[in-house]
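Q: let me see the structure of the following:
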Amino acid sequence: MSRHGKVLVAMSGGIDSTVVALMLHQQGYEVIGITMKTWDYEGSGGSKKETGCCNIDSFNDARAAAVHHGFPHYILDIREEFGGFVIENFIDEYMAGRTPNPCVMCNTHIKWRALLKRANAMDCEFIATGHYANIRHENSRYVISKGIDETKDQSYVLWGLQQDLLSRTLLPIGGYRKTAIRQMAHDFGYPELAKKSESYEICFVPDNDYRGFLKRNVDGLEERVKDGLFVDKNGKILGKHKGYPFYTIGQRKGLDIALGKPAFVTAIDPNTNQVVLGDEEDLLKIEMQVSKMNYIKYPAIHDGMEANVKIRYKDNGSSAILHNRDGGINVTFYENAKGIAPGQSAVFYEGNDVIGGGIIQKTT
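A: Got it, this is the predicted structure:
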C-alpha cells in the first residue's frame, strides 16, 4: 500500500506534468500516468505537425518517464468525446459571431470527467494535473486559488470545474514558481525537459490559423460568408471583408482596409454578415452579461458583491459589482473595460480565490 493513496496523473510529456508525476511518486503516492489523445491533427489538412498533447514524441516522453521510475502509463484516446463537444462548440461559437475558449470547455466538460471516469475504474482516490493553481477545502467548499507564480497562473481556465471534480483533484505545482519546476526537472534527471518549448496554441489548431481550420471544417463556408460588409457604428459602409467568422472583437491587424487611421473590430453581426469597425475607445464597455455560471468559493453570488473580474486569460482583471440577473450575472465595472468578447470566459476573483465564472453573452 502507498503512504498517501493512488493517483491518476495526466501526463502530457511536458515539464509540468512530468514533474507532478515524479513529485507524487517520490512523496509515496501510488502513481498511474495517463496521456490523453484529444485530436488527430495529421489528417486535418493543417500546415504543421501535431504539437502539444497530440504529439507522438510527447506520448513517448511521458511513457519513458513512467517506465524509468517504475509506475504504469497508459494512453487514453478521447478524440470522439473531445471532437463531439469541444470542436463542435468551437465552430458553433465562431459561426455565431462569438470568440470561444476551447481550453476552458475541454477542462470543464471533457478532460476532468474523462480522468475521473478512468480514476474510478482504476480505484484511484485522486487525479492530478500540472496546472499552476491551488485547491483547498474551506467551509464545506473546494476552492480554487491562483498559483503563486502570477506569470504562469492557470486558475482562469479552471473556473468550470465542479465541486465533485475539485474534491478529487491534486494540483501539486501551484505552490511553486516555474523556475523551481525547471530545477526539479534537472534534479530528477531530465534536463532536456527544462529546455523543452511550451505550446500555447489550441491543440487542434497547432498552426494557430483558426480561419484555415474553419474553412476546412465548415462545408461551403467561404461561399456562405463572402462579400460581407465592414460598417461603422452608424451603419455606414466602409468596405468589404472576407466573412464575419474570420474576425474577433478587438482585432486591429489583418483587416485589409485603409481608413486613414487605426480601426478595430468592435462588433460582429452573423445575421447580416457585417463587421463593425470603430476607434479604440469604442471597445470600452461598462457592463456585460455572463451566463452558464459555475460557482466555486460560494454556492452562489450575493447580489451586489464586489469582485475582480478577468475577461481573458492574460487580463489583470478589473474591479466590478456583480448582480444576479435572469439566471446569470450582470457585471458593472467601476471603469470601462476594453475589448470584452462574447464567448470568452469571465472569471470572478476575491483576492486570489476564484468565486466562480461563466461565459460572456453580451456587453452594454
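Q: and what about Thr179, helix, strand or coil?
A: helix (DSSP: H, G, I helix; E, B strand; the rest coil).
Q: just say helix, strand or coil for the spatially most central residue of the chain.
A: Nearest to the mean C-alpha position of the chain, counting by CA atoms, centre = their mean, stands Cys103 at 3.0 Å. Under the three-state scheme (three-state DSSP), Cys103 adopts helix.
Q: pretty sure it sits against Ile202.
A: Yes: under the criterion of CB atoms under 8 Å, Cys103 makes contact with Ile202 at 7.2 Å. Where you see a C-beta, it was placed from the backbone N, CA and C, and this is true even at glycine.
Q: per-residue confidence averaged over the strand or helix carrying Glu223?
A: Using DSSP states H and E, Glu223 sits in helix 221-225. Here helix 221-225 scores 91 as its mean pLDDT.
Q: contacting residues around that helix?
A: Leu214, Lys215, Val218, Lys242, Gly243, Tyr244, Pro245, Phe246, Asn273 (CB atoms under 8 Å, 6 or more residues apart in numbering).
Q: of those residues, which is the most crowded?
A: Tallying neighbours with other CB atoms under 10 Å puts Pro245 at the head of those, with 25 neighbours.
Q: list the contacts of the closest residue to that one other than its chain neighbours.
A: Nearest residue to Pro245, sequence neighbours excluded (CB to CB, 6 or more residues apart in numbering): Tyr94, at 4.5 Å. Contacts were defined as CB under 8 Å, 6+ apart; by that measure Tyr94 touches Pro100, Tyr210, Leu214, Pro245.
Q: wasn't Tyr94 part of a strand?
A: No: going by three-state DSSP, the assignment for Tyr94 is helix, not a strand.
Q: pull the helix or strand bottoming out on mean pLDDT in the chain out as CSV, backbone CA atoms only.
A: Within the chain, no helix or strand scores below helix 191-195, which has a mean of 80 by mean pLDDT, DSSP states H and E. Written as CSV, here are the backbone C-alpha positions of helix 191-195 (Å, rounded to 0.1, in the frame of the first residue of the first chain):
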residue,chain,number,x,y,z
PRO,A,191,17.5,18.5,-18.0
GLU,A,192,16.0,18.3,-21.6
LEU,A,193,12.6,18.9,-20.2
ALA,A,194,13.8,22.2,-18.7
LYS,A,195,14.7,23.3,-22.2
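Q: helices or strands up against it?
A: Counting contacts by 3 or more CB pairs under 8 Å, 6 or more residues apart in numbering; DSSP states H and E, helix 191-195 packs against helix 15-27, helix 178-187.
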